[in-house]
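**Student:** Structure for the following, please:
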Amino acid sequence: MRHGGDIYRNKVNIDFSVNLSPLPLPDAASDMIGSAMLTGLREAKYYPDPEQYEVRTSLTGSDNVDYGCIYAGSGASELIMACIRAVNPVNILMPLPCYTGYIHAVNALNSMPDRSTNQAINTQNTAYKISDAASFAGNPQIIRYFLKKENDYRLTGDILTCLTDEIDLLFLTDPWNPCGANIEDDLLMAILNKAHDHRISVILDQSFLFMSDKITYPSSVSAKELIAQYDNLFIIRSYTKLFALPGIRMGYIISAKSNITELKKQLPEWNLSSVAARTMTACSDIVRNTSYINYNISLIIKERDYLTEELKKSGFRVFHSDTAFILFESGYNLYTGLLNHGILIRDCSDYEGLGKGFYRIAVKDHRSNVLLIDSIRSLFQ
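**Tutor:** Below is the predicted model:
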């Protein structure tokens, strides 16, 4: 499995391969987070609170959900794996391309590492058969559903025909990774309704929600209302990206109270460090009490539009994005060429359903974005 951010084996001056907030924290917010980290360090001589009382109390305020319906984790990745263990699925429907960590999480729980490579759903012909499912009880099998390039790899209503009694778990990402498109609200509700009818658990990964256009146009249905209506739904969110602190793992999950109870059984007793707990609390306070998210998304939209237009002018196919990263296609080996300029981008050739020639870049500050475009153009001179 390959992710962005490999600054440890490359000489990198600017990292466009990781999707983090491009907006520097305001001084007041930076001071709050710095103070929280120091407090967490001082408290490191004690075991963290296994009930996460302060963190969860703060999150209930910022996300408007009940205390028993929320729990924090050491990043979204830990919670995704815990969800899979709690659901204990036999057959997992996974639209592709998607975040590579999902397949990693399934394979980590699968005693037959190569088992999840056999089946696919062709969106042209959605009839399919799951073979030998019973013999693989306890070993999740991935049923692959490939999104279409002509739809910019966006989720469409075709997925509904694949939601049958044979599926136990569905992965959704809003906004989608790697293309960056939000799931339309009407489609999301249709998927959740059908999944509920067929008793399919749904992991809705909203790790980038706070940096997507959807956050400026809130859905009529809140997270609180969603989990009240759908007891099969697990919503995962993250502060790691929003506050550009990937070294401090800060994910959390929103679900029905009974699901949180079961999920906690799949996590270590102390899964959140004292530093992460204090930092998450501070981040939650900033989300609730400041306009940081609105300022951030306004910058993201402006700079994303700039990068999209400039990439198109350079002759690349650019796929629609509603968030702080952009997927595009090039026939040139941009990864190596830009790395020679000290610029790291995400080579997406390891995404199933993409392949060679696909790249993803994060939206950064304007100066960095201009430098990226200039460096790309210099490769063709």
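**Student:** List the buried residues in the lengthiest helix in the chain.
**Tutor:** Among the segments of the chain that qualify as a helix by DSSP state H, the longest is helix 292-313. Residues 292-293, 296-297, 299-301, 303-304, 307-308, 310-311 are the ones in helix 292-313 that count as buried (16 or more other CB atoms under 10 Å). C-betas here are computed from N, CA, C, even on glycine.
**Student:** any idea which helix or strand comes after it?
**Tutor:** Moving toward the C-terminus from helix 292-313, the next helix or strand (DSSP states H and E) is strand 317-318.
**Student:** and the angle for the following helix or strand past that next one with helix 292-313?
**Tutor:** As assigned by DSSP H and E, the chain's next helix or strand after strand 317-318 is strand 325-329. If you take axes from the mean of the first three to the mean of the last three CA atoms, to 10 degrees, strand 325-329 sits at 10 degrees to helix 292-313.
**Student:** Kindly export strand 325-329 (C-alpha atoms) in CSV.
**Tutor:** What follows is strand 325-329 as a C-alpha-only set of coordinates in CSV (Å, rounded to 0.1, in the frame of the first residue of the first chain):
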residue,chain,number,x,y,z
PHE,A,325,-7.4,17.9,-4.0
ILE,A,326,-7.6,17.3,-7.7
LEU,A,327,-7.3,14.2,-9.8
PHE,A,328,-5.9,14.5,-13.4
GLU,A,329,-4.5,12.4,-16.2
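**Student:** Can you add pLDDT and distance to L204 and give the buried residues of helix 292-313 back as CSV?
**Tutor:** Shown next, in CSV, are the buried residues of helix 292-313 (pLDDT from 0 to 100; distance: CB to CB, whole Å):
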residue, pLDDT, distance to L204
Y292, 94, 23
I293, 94, 19
N296, 95, 22
I297, 96, 20
L299, 95, 26
I300, 97, 21
I301, 97, 23
E303, 98, 27
R304, 98, 23
L307, 98, 27
T308, 98, 26
E310, 98, 33
L311, 98, 29
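**Student:** Residue ranges in this structure under the pLDDT threshold?
**Tutor:** Where the chain drops to pLDDT under 70, the residues are 1-9, 111-138, 219-220.
**Student:** Show me where it has its helices.
**Tutor:** For the chain, the helices defined by DSSP H cover 27-42, 53-63, 75-87, 100-108, 185-197, 223-229, 257-264, 274-289, 292-313, 334-339, 366-378.
**Student:** which other helices and strands contact the first one?
**Tutor:** When contacts are defined as 3 or more CB pairs under 8 Å, 6 or more residues apart in numbering; DSSP states H and E, helix 27-42 packs onto helix 274-289.
**Student:** Can I get the helix it packs on in CSV, CA atoms only?
**Tutor:** Coordinates of each C-alpha in helix 274-289 appear next as CSV, following Å, rounded to 0.1, in the frame of the first residue of the first chain:
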residue,chain,number,x,y,z
SER,A,274,-3.2,12.4,26.0
VAL,A,275,-1.7,14.8,23.4
ALA,A,276,-4.2,13.7,20.8
ALA,A,277,-7.1,14.0,23.2
ARG,A,278,-6.2,17.6,24.3
THR,A,279,-5.6,18.6,20.7
MET,A,280,-8.9,17.2,19.4
THR,A,281,-10.7,19.0,22.2
ALA,A,282,-9.1,22.3,21.1
CYS,A,283,-9.9,21.6,17.5
SER,A,284,-13.5,20.9,18.3
ASP,A,285,-13.7,24.2,20.2
ILE,A,286,-12.3,26.0,17.2
VAL,A,287,-14.8,24.4,14.8
ARG,A,288,-17.7,25.3,17.1
ASN,A,289,-16.7,28.8,18.1
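**Student:** D66 contacts A256, correct?
**Tutor:** No. Between D66 and A256 there is no contact, the gap being 9.9 Å when judged by CB atoms under 8 Å.
**Student:** Compare the two (neighbour count), which wins?
**Tutor:** Using other CB atoms under 10 Å as the criterion, D66 and A256 rank with A256 on top: 19 against 15.
**Student:** I figured the more buried one hits Q229, correct?
**Tutor:** No. Between A256 and Q229 no contact is recorded; they are 9.9 Å apart, counting by CB under 8 Å.
**Student:** just to revisit the earlier point, just put the buried residues of helix 292-313 in a markdown table and tack on distance to L209.
**Tutor:** Putting these into a markdown table (distance: CB to CB, whole Å) gives the following:
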| residue | distance to L209 |
| --- | --- |
| Y292 | 14 |
| I293 | 10 |
| N296 | 12 |
| I297 | 11 |
| L299 | 17 |
| I300 | 13 |
| I301 | 15 |
| E303 | 19 |
| R304 | 16 |
| L307 | 21 |
| T308 | 20 |
| E310 | 26 |
| L311 | 24 |
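**Student:** Considering the residues you listed, which is situated nearest to L188?
**Tutor:** I297 (19.5 Å; CB to CB).
**Student:** Contact partners for that closest one?
**Tutor:** M211, S212, D213, I215, T216 (CB atoms under 8 Å, 6 or more residues apart in numbering).
**Student:** and of those residues, the nearest to R377?
**Tutor:** Proximity of these to R377 (CB to CB) peaks at M211, which lies at 27.1 Å.
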